[in-house]
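> Fold the following for me, if possible:
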Amino acid sequence: MDFEQGMRCEQECARLSHDFAWAVDRGLHDAFIALFIPEGALERAGEVLRGPTALRRFLEAMPVNRTMRHLCSNIRIDMTDERHAKGTSAVMMVHALAATGTSLPLPAAVPLVAEYEDDYLLTDNGWKFQYRKTIIVFKP
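Next up is the predicted model:
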């Protein structure tokens with residue numbers, strides 16, 4: 001692995017974390033699912049959601065009247081070989097339920113702080129999540 005490969009991996013995998021937050025916060029189901037390899041998985045609250053069907057069910061079960069924002073930081077990515085990388089990041093998630101048509105700003109719930117532990121795979125379409133595990137650090 002050369003320096004340029006490592007930097008490209010770090011940049012693309014960090015972008016996955018940001019795109020994950022963007023897609024889930026805006027209800028962009030197809031964009032969210034495209035961040036994972038076909039057999040990729042998201043683990044949260046002890047449940048493993050594997051593959052596009054399980055990920056879509058998870059997204060569709062979210063309340064439509066919830067406004068949510070994930071604030072990502074402390075992203076660290078390390079290549080383990082030419083096609084694999086591991087990473088961690090911190091996220092603060094804030095959400096609010098509101099009636100349809102309610103304007104911003106909304107009264108927010110107490111923020112939740114979590115960490116993600118990620119396994120990445122380099123595919124023909126770039127880096128993708130192979131496995132993403134959510135670990136709650138502080139909860140309301």
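
> list the contacts for residue 86?
Residue 86 is in contact with 77-78, 80, 117-120, counting by Cβ atoms under 8 Å, 6 or more residues apart in numbering. For the C-beta atoms, the positions are set from N, CA and C on the backbone; glycine is no exception.

> Out of the residues you listed, which two sit at the greatest distance?
80 and 117 (13.4 Å; Cβ to Cβ).

> Looking at those two, which one has more neighbours?
Legend: neighbour count by other Cβ atoms under 10 Å for residue 80 and residue 117, higher for residue 117 (14 against 11).

> before we move on, back to that, which entries within the contacts of residue 86 meet the buried criterion?
77, 118-120 (16 or more other Cβ atoms under 10 Å).

> Restricted to strands, list the residues you listed.
When DSSP state E defines the strands, the subset of the buried ones among the contacts of residue 86 inside them is 77, 118-120.

> Out of the residues you listed, which comes closest to residue 71?
Distance ranking of those against residue 71, using Cβ to Cβ, places residue 118 first at 17.0 Å.

> What sits closest to that closest one if chain neighbours are left out?
In space, residue 118 comes closest to residue 87 once its chain neighbours are excluded; the distance is 4.3 Å by Cβ to Cβ, 6 or more residues apart in numbering.

> still on that earlier bit, let's have the contacts of residue 86 in a markdown table, adding distance to residue 18 and pLDDT.
Formatted as a markdown table, the contacts of residue 86 follow (distance: Cβ to Cβ, whole Å; pLDDT from 0 to 100):
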| residue | distance to residue 18 | pLDDT |
| --- | --- | --- |
| 77 | 12 | 97 |
| 78 | 18 | 96 |
| 80 | 22 | 96 |
| 117 | 17 | 98 |
| 118 | 13 | 98 |
| 119 | 18 | 98 |
| 120 | 14 | 98 |
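
> Adding distance to residue 110, write the residues you listed out as TSV.
Formatted as TSV, these follow (distance: Cβ to Cβ, whole Å):
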residue	distance to residue 110
77	30
78	32
80	36
117	24
118	26
119	30
120	31
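
> Just give me the closest of those residues to residue 25.
residue 118 (18.1 Å).
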